[in-house]
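Peer 1: generate coordinates for the sequence data below:
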Amino acid sequence: MPRFLLKRWHGQHIVWIFVLLIIMTLIIFSFQWVLGLICLVLCGVLVYFTMQAETAFRRELNTYIGTITHRVKKAGNEVMSGFPIGIILYNDEKRIEWHNPFVAKMLDQESVIGDSIYEYFPDLKNKKEKTDKFELTIGKNIYQVWTRQEERLLYFREITEQALLAKKYEDEKTAIGIVMLDNLDEATQGMDDQTRSIMLAKVTGEITEWAQKHHIYLRRTASDRFLILLDQRALRRLEQTRFEILDDVREITIENKLPLTLSIGIASGAEQLMELGQMAQMGLDMSLGRGGDQVTVKVGQRLSFYGGRTNAVEKRTRVRARVISHALRDLMKDSDKVIIMGHRFPDMDSIGAAVGVLKAVQVIGKEGYIVLEGVNPSIQKLMETISADERLYRWFVTPEQAMQITTQRTLAVVVDTHKASMVAEPKLLTLTHRVVVVDHHRRSEEFLQDAILVYMEPYASSTCELVTELLQYINEKLTMEVLEATVLLAGIVVDTKSFSLRTGARTFEAASYLRRNGADSSLIQQLLKEDLDTYLERADIMKHTETLYEHIALAVAEPNRKYSQLMIAQVADTLLNMTNIMASFVICERLDGLIGISARSLGQMNVQLVMERLGGGGHLTNAATQLEGTLEEATRRLKQTLEEMQEEEGLFE
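Peer 2: Just a heads-up that it's a prediction; the model follows:
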């Protein structure tokens, strides 16, 4: 305690003593005036010394306060000079009015007072002007910056070490991948053991060299499967190179005329290794479901696809078709009824596949219903023909009717789509957990995860082709009505453009089976005929066609004119027949007000990847999407996407 404060303490006690003495003096005065006079003198002396003590106290207090102020000011100056935080004060014109020495050292300048803050920190132009916190790199150092608009202040704290440590942590996060050789058994079928071993050794050597180059741990788990372990740093390098291993393996096998490709699923971003493994397997399943020859990378919520430049290889054996057919038959027998759904506004393939599944249900002896919502103009003639056949048309129901008859034991068969959002009535899928998917489209991110049976073959020309194969194993003595066989064959004809695209040996075998069961090709021609007005309308859209990248035809319809999705698709198909055109895109306003884009290619370009970037999907040679907005905006987005893909890896093989 300071000495003057001790004095203050003693002075206060003297005052109390003085008060007591006054009281005692008065008492003494009342008995003996001489003693009272002596006491009065003593009180006067005490008052004098008390006043002297008070004066000394105030003088020393002022001296002490002055000393403290000096020390605080000195300490503040030392803190502002040596504090490891930079402080900048700027004015309304964004010019620096004051800064502490840390800022000068940070910028390697003696003084930056009077200069614009944007001259040294141009990134601040893109930052919010209110209180905010972000990171900024200055030279080789990283700083955390706080902005305070009210006080027009900037604070800088160096976090280089922490940032580098965080980056190292992110770079070293584990990623798990599964590499699979597509169709190994079928591709090497008929080879002798020596040739097969040599081919596998070449492919395995290429994969091993690729793994060593990118510091990937590679472990073979089966003849056609590998497990890979890598970190985020290696994964980023692979994504930058867009997984060139796909092209390398394809080139090796092409030399030997073998359709052998790779499919890879890689996962990262999860904390548990078990979860990473499950995500990697799901990624591989998605790569295979999209036709193989591609990579699916899932990092947290981000899902990316690479490759997919080739058509899915047709399977030579029908073992899977037989197994799926028997499993589907057992599920139908164990259900009280079967509800069959295609996608909204169904096309010929969707209706044909639904009719084929209905035939299988009836052969087994169960009740089956086809859910129909809305009639696509492309199947208007088909539905008129079906409605004339009472035996078939009475099994078509509306979504409302289907929901009333659906129970927990009802089997829901989804055909020609695998997206819950696209089926005729998504609510139906919540009424039963018994769901089967039969589809020929490449698998997308959205998928019916709870399906108990999935038959997806991207190599197939159409869902009608897959259903026709299933029918052959449902019952060997199965016979079909003429209209049933015709509808199935019509679905194949439409999706293959009269057997000119995406056809394989099994496509013709399915068509042959349907012809043997009475399919009427002349009736198909009647169903597919178009009137003159439609033809002229299609020609009107084609007038506005431009050529991009020498081999891409882009047609954009006139504003304020609406067209059906069928019309848009037909124009894209027609443009593909033009000389030197390898891919076509048609942009029109649809009847529902959305902007529709149909894309087609001959196989040298994967239009599915283009449409997926715009929120759609489809096949390598056939894809589409729907966008909100205007024709100009849709055209700009499409051209921008094509430009990005051209810069990344090229649009054509």
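
Peer 1: could you use CA atoms for every contact and neighbour count after this?
Peer 2: Will do.

Peer 1: so where do the helices sit in the stretch 501-650 of the chain?
Peer 2: With DSSP state H, counting those that start in this stretch as the criterion, the stretch 501-650 of the chain has helices at 505-516, 521-527, 532-542, 565-575, 607-613, 631-648.

Peer 1: quick one: residue 104 and residue 119, what's the gap?
Peer 2: 14 Å (Cα to Cα, to the nearest Å).

Peer 1: who has more neighbours, the two?
Peer 2: Per other Cα atoms under 10 Å, whichever of residue 104 and residue 119 has more neighbours is residue 104, with 15 against 11.

Peer 1: still on that earlier bit, please name whichever of the helices of the stretch 501-650 of the chain is nearest to residue 595.
Peer 2: Residue 595 lies closest to helix 631-648 among these, at 6.6 Å (Cα to Cα).

Peer 1: list the buried ones in that closest one?
Peer 2: For helix 631-648, a neighbour-count test (16 or more other Cα atoms under 10 Å) marks 631, 634-635, 638, 641-642 as buried.

Peer 1: so which elements touch that helix?
Peer 2: For helix 631-648, the contact count by 3 or more Cα pairs under 8 Å, 6 or more residues apart in numbering; DSSP states H and E identifies strand 583-590, helix 607-613 as packing neighbours.

Peer 1: tell me which of those sits most buried.
Peer 2: Highest mean neighbour count among these (mean count of other Cα atoms under 10 Å): strand 583-590, with a mean of 27.

Peer 1: please enumerate the helices of the stretch 51-200 of the chain.
Peer 2: Assigned by DSSP H, counting those that start in this stretch, the stretch 51-200 of the chain shows helices spanning 101-107, 117-120, 160-171, 184-187, 193-213.

Peer 1: and of those helices, who's closest to residue 244?
Peer 2: Among the helices of the stretch 51-200 of the chain, helix 193-213 comes nearest to residue 244, with 9.0 Å by Cα to Cα.

Peer 1: buried ones in the closest one?
Peer 2: Those would be 196, 199-200, 203-204, 207-208, 210-211, for helix 193-213 by 16+ other Cα under 10 Å.

Peer 1: which residues does it contact?
Peer 2: With contact meaning Cα atoms under 8 Å, 6 or more residues apart in numbering, helix 193-213 is reached by 188, 217-218, 245, 248-249, 252.

Peer 1: tell me, how many residues neighbour the spatially closest residue to residue 270 that is not a sequence neighbour?
Peer 2: Spatially, and ignoring its direct neighbours in sequence, residue 270 is nearest to residue 276 (5.9 Å; Cα to Cα, 6 or more residues apart in numbering). Applying other Cα under 10 Å, we find 23 residues neighbouring residue 276.

Peer 1: look up how far residue 597 lies from the nearest residue to residue 594 once chain neighbours are set aside.
Peer 2: Among residues not flanking residue 594 along the chain, residue 628 sits closest, at 5.3 Å (Cα to Cα, 6+ apart). Using Cα to Cα, residue 628 is found at 11 Å from residue 597.

Peer 1: just residue 514 next, same as before
Peer 2: Distance, residue 514 to residue 597, using Cα to Cα: 33 Å.

Peer 1: try residue 630
Peer 2: Taking Cα to Cα as the measure, residue 630 and residue 597 are separated by 12 Å.

Peer 1: also residue 280?
Peer 2: From residue 280 over to residue 597 (counting by Cα to Cα), the distance is 32 Å.

Peer 1: who's more crowded, these two?
Peer 2: Just comparing residue 280 and residue 597: by other Cα under 10 Å the higher neighbour count belongs to residue 597, 29 against 26.

Peer 1: thought that one was touching residue 572?
Peer 2: No - using Cα atoms under 8 Å, residue 597 is not in contact with residue 572, being 9.2 Å away.

Peer 1: common neighbours of the two, please.
Peer 2: Contacts common to residue 597 and residue 572, judged by Cα under 8 Å, 6+ apart, are 585-586.

Peer 1: now do the helices in the stretch 251-400 of the chain.
Peer 2: Counting by DSSP H, counting those that start in this stretch, the helices of the stretch 251-400 of the chain are 273-289, 319-333, 348-364, 380-387, 390-393, 399-405.

Peer 1: how much does the second one deviate in direction from helix 348-364?
Peer 2: Using axes from the mean of the first three to the mean of the last three Cα atoms, to 10 degrees, the interaxial angle of helix 319-333 with respect to helix 348-364 works out to 60 degrees.

Peer 1: how near is residue 258 to residue 197?
Peer 2: As judged by Cα to Cα, residue 258 and residue 197 stand 14 Å apart.
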